[in-house]
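> My questions concern the predicted model and sequence given below.
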Amino acid sequence: GKDRIIFATKEDHETPSSAELVADDPDDPYEEQGLILPNGDINWNCPCLGGMASGPCGEQFKSAFSCFHYSTEEIKGSDCVDQFRAMQECMQKYPDLYPQEDENDEKSSKDLEAASMEASTAKEEEKGSS
């Protein structure tokens, strides 16, 4: 692996360090580069992704996010609906790993659907009574 354990003695600590600092290597894949690498690629190791690129739905996330990142549509990402749907369907299979919105959001969504249904029903009734 990349980790190494070194034991230091009291004598090791008494002598001045001979360690030299090396300049950052821009090609180091472990270096924090941010979400987008200098060459324009997506940095899947970025902590900002919160681990979404790994796990059971990592491939679906990468597919959807890549599609959005590279989208050239007038409404960016509008050509990525299928990829985002696949990601969402995958995440719904793992509710413990990918919690849905809290219950208040779900409730307001259901209220909105109910209000929409009531409005369309009212319109149908108005058409029938004229």
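Thanks, I have it. Note that the structure is a prediction, hence the values are computed from the model and not measured.
> Give me the buried positions along stretch 57-66.
Buried residues in stretch 57-66, defined by neighbour count with 16 or more other C-beta atoms under 10 Å: C57, G58, Q60, F61, K62, S63, A64, F65. Every residue, glycine included, has its C-beta placed from N, CA and C.
> got a list of what the second one touches?
Just to be clear, that refers to G58. M52 (C-beta atoms under 8 Å, 6 or more residues apart in numbering).
> show me where pLDDT drops low in this structure?
1, 19-32, 102-130 (pLDDT under 70).
> ranges for the strands of it?
Taking DSSP state E to define them, one finds no strands in the chain.
> thinking again about what came up before, from the buried residues of stretch 57-66, which land in helices?
In helices, judged by DSSP state H, the following of the buried residues of stretch 57-66 are found: G58, Q60, F61, K62, S63, A64, F65.
> Closest to I42 out of these?
F65 (6.7 Å; C-beta to C-beta).
> ok, so what distance separates the closest one from T9?
Computed with C-beta to C-beta, to the nearest Å, the distance linking F65 and T9 is 49 Å.
> got the phi/psi numbers for A53?
The phi and psi values for A53, taken as degrees, to the nearest 10, are phi -80, psi -10.
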